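Participant: kindly generate the corresponding structure for this input.
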Amino acid sequence: MTAEQMFLLTLRFYATGGMLVSIGDYSGVAKSTASKIIRNVTFAICLLRDRFLALPRNEEEIKKTANGFFKIAKFPRVIGAIDCTHVKIQSPGKHFCTLPGNFYIKAFYVFL
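Facilitator: Coordinates of the predicted model:
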């Protein structure tokens, strides 16, 4: 597989939360190969974190960032947030449907 194909396989895994066997089948590789690709690509992405993630580095920056988040969303002590994902759940009622026939809650990943 090319680097681009491996990256796309990993993104599909992140986006769908699919099982490795399904991700591998979709990409034409075995489950074990899909697992190794996802691990290696994830590790490579983590090595780039300092280039793309800017977290506060001192007490003054932490306070300034936390105040900014509080002004936006009224969440105390938050200094960063990364995306969100939909977690499929059983129906809590018709008003919570996000896609026809499907019910989700949003799970946010937040640094404190």
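Participant: is it true that G24 touches K36?
Facilitator: No. In this structure G24 lies outside contact range of K36 using Cβ atoms under 8 Å: 10.3 Å. (Each C-beta comes from the backbone N, C-alpha and C, glycine too.)
Participant: who's in contact with V29?
Facilitator: By Cβ atoms under 8 Å, 6 or more residues apart in numbering, the residues touching V29 are M1, L9, I37.
Participant: looking at the residues you listed, which are in strands?
Facilitator: Using DSSP state E, no member of those falls in strands.
Participant: make a PyMOL selection of the buried ones in these.
Facilitator: Buried residues among the contacts of V29 (16 or more other Cβ atoms under 10 Å), as a PyMOL selection:
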select buried, resi 9+37
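Participant: any chance of the contacts of V29 in JSON lines, plus pLDDT and distance to C46?
Facilitator: Output for the contacts of V29, formatted as JSON lines (pLDDT from 0 to 100; distance: Cβ to Cβ, whole Å):
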{"residue": "M1", "pLDDT": "91", "distance to C46": "20"}
{"residue": "L9", "pLDDT": "92", "distance to C46": "17"}
{"residue": "I37", "pLDDT": "95", "distance to C46": "15"}
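Participant: need the contacts of V29 in TSV (columns: distance to K64).
Facilitator: Formatted as TSV, the contacts of V29 follow (distance: Cβ to Cβ, whole Å):
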residue	distance to K64
M1	44
L9	39
I37	39
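Participant: returning to that earlier point: ok, G24 and K36, which is more surrounded?
Facilitator: In terms of neighbours (other Cβ atoms under 10 Å), G24 is the more surrounded of G24 and K36; the figures are 21 against 13.
Participant: now that one: closest residue in space that isn't a chain neighbour?
Facilitator: Nearest residue to G24 in three dimensions, chain neighbours excluded: A34, at 3.6 Å (Cβ to Cβ, 6 or more residues apart in numbering).
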